[in-house]
Structures are given as structure tokens and as C-alpha cells.
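[1] model this:
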Amino acid sequence: MNKVLPLTVLAALSANAAYASSGPESTGFIEDSHLDVLLRNAFIDRDYKPHGIKERAEWGQGVIASYSSGFTQGPVGFGVDALAQYAVRLDGGRGRSGSGGIDFFAQDNDGRAKSSLAKFGATAKMRFSNTVLSYGTQRPALPILNADDSRLLTETFTGFMLDSQEIDGLDVSAGYFTAEQQKSDDSHDTGLNSLTFAGAHYQFNAQFSGAFYASDVQDVLNKQYLGLNYRQPFAADQALILDFNGYNSRLDQSFANSQNTGRSNTIWSLAASYVWDIHTFKVAYQQSSGSTGYHYGGYRNQDGIGDGGNSIWLANSYWSDFNGEDERSWQLAYSVDLAGLGVPGLSYDVAYVRGDNIKTAASGNGHEHEFFNQIQYKVQNGPAKDLKLKVRYSVLRVSSDAADYNIGGNEIRVFVEYPFSLL
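    The predicted model follows:
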């Protein structure tokens with residue numbers, strides 16, 4: 001695929017900054033610097049139910065240190081960021097590692113998972129007014145390109161990124177990346193040629209916001225995203241929230257041929273949540289249509305897309321994403337913040353999702369369903385303030401005629417995270 005979003009978008013956005021109001025005051029390169037550290041202990045076990053598929057599990061301890069400098073003073077400020085990541089494998093050696101969905105430690109050629117990982121990155125940045133242009137190691141968190149931070153270490157990209165907030169309520173982003181670093185490996189070469197993206201998020205008023213982004217992964221696909229969110233308060237402790245998310249994507253013909261699939265997909269979800277004091281009740285509907293399912297994430301050297309492992313901002317995405325070809329899915333969910341019952345920091349989430357109409361080579365009506373629940377506790381004060389424990393358990397079942405789309409099983413995740421600042 002030779003079509004790309006033109007890099008002149010970057011130049012145009014930078015030029016617009018010349019007509020903007022003055023940016024935030026900078027007290028200095030050193031004075032505004034901060035160093036944050038995250039200790040993360042993570043365990044994921046997947047007990048697959050189809051006969052002949054082994055149970056997979058990985059457990060590790062990670063350290064993620066992020067340094068961000070301030071900007072030098074003057075009309076144009078300069079600064080640097082740095083990222084250091086280290087992880088050691090505690091369990092998940094030969095025979096238990098290797099699940100692409102867990103992806104804590106990549107396997108070597110002999111089938112053994114790596115015993116440790118060490119990764120480093122740096123970013124140079126420049127700010128003019130309320131616009132920042134940076135180059136280096138990037139961790140985008142956008143619906144069209146979301147670096148995966150849901151495992152032990154963080155996925156990163158290398159390239160240019162621009163963020164502009166010159167107009168009140170409007171956040172414009174654009175970028176051009178030429179490399180992706182796998183979260184479970186220390187290699188920077190995952191086969192990505194280039195990835196270009198641009199878009200914006202706008203807060204129309206206190207209740208309504210919208211976003212539109214587009215991306216192009218060279219020789220793989222182009223994709224567009226639309227998101228709309230509306231919140232209607234009814235009382236001090238009650239509100240109705242409507243959340244729409246949708247993607248339209250088209251695969252490059254050669255990539256589609258290599259996957260033995262069609263080229264086009266449109267997928268969208270609409271969720272309605274009612275917040276009543278400490279309770280949130282949610283219903284959602286999601287639909288996929290076209291000649292293929294929704295494609296995202298993975299790594300190019302493993303036949304993946306290469307656009308970020310969390311680039312799926314859809315209501316029904318849990319263990320399964322319910323993103324099969326022509327799949328329809330419904331969700332009922334409930335959340336409670338137990339601070340209202342005298343236990344601040346404790347919350348519980350439960351959801352049931354059912355999908356059907358999945359088109360595969362074997363059937364046009366495959367189906368799946370998932371029961372998800374998660375309990376989370378965050379320490380509110382004391383020496384361990386902000387320490388967070390999260391336990392998640394999912395039961396996923398997939399019909400035999402949809403086995404080439406997804407695999408069912410039972411999954412448990414246990415994460416313990418402790419963030420603190422050194423600067």
C-alpha cells in the first residue's frame with residue numbers, strides 16, 4: 001500500500017502555532033523535571049478448553065522508570081524524555097510460555113522464554129506556545145494508535161509525534177513512526193515499515209465531546225476512527241452516559257491475500273451507562289460488518305498489523321474483542337465503587353457479553369460468550385499509598401464452528417502495581 005497521510009500535516013500544524021496564544025510558563029529544564037517509577041508484578045494464566053491446546057501462563061516482575069524534563073525558557077523551549085524498562089521472569093518457561101495474548105517474555109529459537117528484559121529509549125522534544133513536537137521513543141495513547149501497557153512492560157514506537165492544543169478544547173495529534181518495539185522483547189525491529197496518523201479530539205461543551213483520527217500502516221491497511229461521548233447529569237449523584245466508538249478499515253490487497261481474508265471492515269459499538277451514586281449499570285451493542293473482521297495490534301514480523309496492542313476502543317472488548325467477521329454482540333455490565341460503603345479504594349466490575357453471527361469457513365453463525373469480573377483495590381494513604389492490586393477472572397466459550405476465529409478458556413490475571421516519584 002503506497003497511500004500515506006502526507007507529512008505536510010505536521011508542517012501545517014506547526015505553522016498554525018505561530019498564530020496561537022502564548023503557551024504555559026516554563027520554570028526551567030531542571031525545575032520542571034520529574035522521574036516516576038512503576039513497580040509491576042504481573043501474572044496471567046490461560047487455561048484453554050479445546051482439546052490439545054496447552055495451558056499457558058507467565059509471571060514476572062517489571063520496573064518502568066520514566067524521566068521527563070521541563071523545557072528551556074524562551075519562545076521555543078527544548079527538553080528530553082527517557083524511558084528505562086527492566087523485567088525478570090519468575091515463571092513461564094518452556095511449555096507454559098508462548099501465548100501471543102500474554103506476551104510477557106518472547107521465546108528464543110530453542111522455545112525457551114527470555115529470563116530477563118532490559119530496554120531503554122529517549123525522546124527529544126520542542127515546545128512553541130501550546131504545541132509540542134518530539135522525536136524518539138513514543139508511547140501514544142490514542143484510539144487509532146494505542147501502545148499496549150496492559151502487560152508486564154510497555155510497547156513503544158520510534159518516530160515523530162506532534163501534539164497541539166492551541167484552541168481551547170481542541171487537541172490535535174499527528175505522527176510518523178518507523179519502528180515498533182515489542183513489549184516482550186528488547187529488539188526494535190518488528191518489521192514495521194512506517195505508520196502515519198493524524199486526528200483530533202474536541203470538547204464541544206461540558207457534556208459532549210468527539211474525536212476523529214485516521215492512520216495508514218504501510219503495505220498493511222488504512223483505518224479511520226470516530227468517537228462521540230455525551231453525559232447528561234440528572235442529579236448530584238446520577239447521570240446517563242452515551243458512548244459511541246467506530247472504526248472503518250481497509251486492508252492492502254497483498255496483506256489480505258496473505259491472511260486469506262477480505263479487505264474491508266466496519267465495526268462500531270454504542271454503550272449506555274447509568275451512574276447512580278456508587279453504582280454504574282451499562283448496556284452495550286457492538287456490530288462488525290464487511291468482508292473480514294476488525295484487525296489491529298500484533299507485530300509485522302508475526303503477520304500482525306503493528307498499530308498498537310490496545311488500538312480497540314470498543315465497548316465489548318474484554319478477553320475476547322467480539323470483532324469477528326459480521327459478528328454482533330450484546331453486553332450487560334455492573335460496577336460498584338465500594339468507597340460509598342466505607343471501603344475507599346475498593347471497586348468491583350462484572351460483565352456478560354454474548355456474540356453471534358460470526359462468519360468463518362465452517363459456518364455463518366458461529367457464537368461466543370464471556371463472563372468477566374474484576375476486583376481492584378488502591379491503598380489510599382500511608383507508606384504504601386497508591387499501591388494497587390487488581391484481580392481479574394474471565395470465562396470465555398467459543399462454538400466449534402468459530403474455532404478458526406477465537407479460542408475459549410478460563411483466564412486469570414493478577415497485577416500488583418506500586419508507582420512512586422523520585423523527582
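
[2] which non-adjacent residue is nearest the residue most central in space within the chain?
    By C-alpha atoms, centre = their mean, the mean C-alpha position of the chain lies nearest to Asn310, the distance being 2.5 Å. The shortest distance from Asn310 to any residue other than its chain neighbours is 3.9 Å, reached at Asn146 (C-beta to C-beta, 6 or more residues apart in numbering). All C-beta spots, glycine's among them, are computed from the backbone N, C-alpha and C.

[3] just checking, the one you found touches Tyr225?
    No: using C-beta atoms under 8 Å, Asn146 is not in contact with Tyr225, being 10.5 Å away.

[4] intersection of neighbour lists for those two?
    Trp313 (C-beta atoms under 8 Å, 6 or more residues apart in numbering).

[5] before we move on, back to that, where's the residue nearest to the centre of the chain, which helix or strand?
    Using DSSP states H and E, Asn310 is not contained in any helix or strand.

[6] separation between it and Ala236?
    Asn310 is 33 Å from Ala236, where distance means C-beta to C-beta, to the nearest Å.

[7] can you map out the helices along the stretch 51-200 of the chain?
    Using DSSP state H, counting those that start in this stretch, no helices are found in the stretch 51-200 of the chain.

[8] any weak-confidence spans in it?
    Under the criterion pLDDT under 70, the flagged ranges of the stretch 51-200 of the chain are 92-95, 98.

[9] could you rerun that using 80?
    In the predicted model of the stretch 51-200 of the chain, residues 51-52, 92-100, 109-111, 188 satisfy pLDDT under 80.

[10] returning to what we had before: show me the contacts for the residue nearest to the centre of the chain.
    Asn146, Ala147, Asp148, Asp149, Ser150, Gly297.

[11] so what pLDDT did it get?
    The model reports Asn310 with a pLDDT of 94.

[12] please apply the same query to Thr27.
    The model's pLDDT for Thr27 equals 82.

[13] my guess is it contacts Gly70. True?
    Yes: between Thr27 and Gly70 there is a contact under C-beta under 8 Å: 6.6 Å.

[14] of the two, who's got more company?
    For Thr27 versus Gly70, neighbours defined as other C-beta atoms under 10 Å are more numerous around Gly70 (18 against 10).

[15] apart from its chain neighbours, what residue comes closest to the more buried one?
    In space, Gly70 is closest to Asp32, 2.4 Å off (C-beta to C-beta, 6+ apart).

[16] with Gly408 instead?
    Per C-beta to C-beta, 6+ apart, closest to Gly408 is Val398, 4.1 Å.

[17] do you know how far that neighbour is from Glu58?
    In terms of C-beta to C-beta, Val398 sits 22 Å off from Glu58.

[18] between those two, point out the one with more neighbours.
    Glu58 (26 against 23).

[19] would Asn301 count as being in a helix?
    Yes: using DSSP: H, G, I helix; E, B strand; the rest coil, the assignment for Asn301 is a helix.

[20] so who does it touch?
    Asn301 touches Asp189, Thr190, Gly191, counting by C-beta under 8 Å, 6+ apart.

[21] need the buried ones from the residues you listed selected in PyMOL.
    Buried residues within the contacts of Asn301, by 16 or more other C-beta atoms under 10 Å, are selected in PyMOL with:
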select buried, resi 190
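
[22] quick one: the contacts of Asn301 as CSV, columns for distance to Gly210 too.
    Listed next are those as CSV, based on distance: C-beta to C-beta, whole Å:
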residue, distance to Gly210
Asp189, 37
Thr190, 32
Gly191, 34
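
[23] of the contacts of Asn301, closest to Tyr274?
    Using C-beta to C-beta, Thr190 comes nearest to Tyr274 of these, at 42.0 Å.

[24] can you report how many residues neighbour Asp401?
    16.

[25] relative to Phe372, how far out is the nearest residue to it once chain neighbours are set aside?
    Spatial nearest neighbour of Asp401, excluding adjacent residues (C-beta to C-beta, 6+ apart): Ser363 at 3.6 Å. As for Ser363, its distance to Phe372 is 25 Å (criterion: C-beta to C-beta).

[26] when those two are compared, which one has more neighbours?
    Phe372 (20 against 15).

[27] wouldn't that one be in contact with Glu411 here?
    No: with contact defined as C-beta under 8 Å, Phe372 does not reach Glu411; the gap is 9.3 Å.

[28] what touches both of those two?
    In contact with both Phe372 and Glu411: Trp319, Arg392, Tyr393, Ser394, using C-beta under 8 Å, 6+ apart.

[29] of these, which is the most crowded?
    Neighbour-wise, the shared contacts of Phe372 and Glu411 (other C-beta under 10 Å) top out at Trp319, 21 neighbours.

[30] brilliant, that's me finished.
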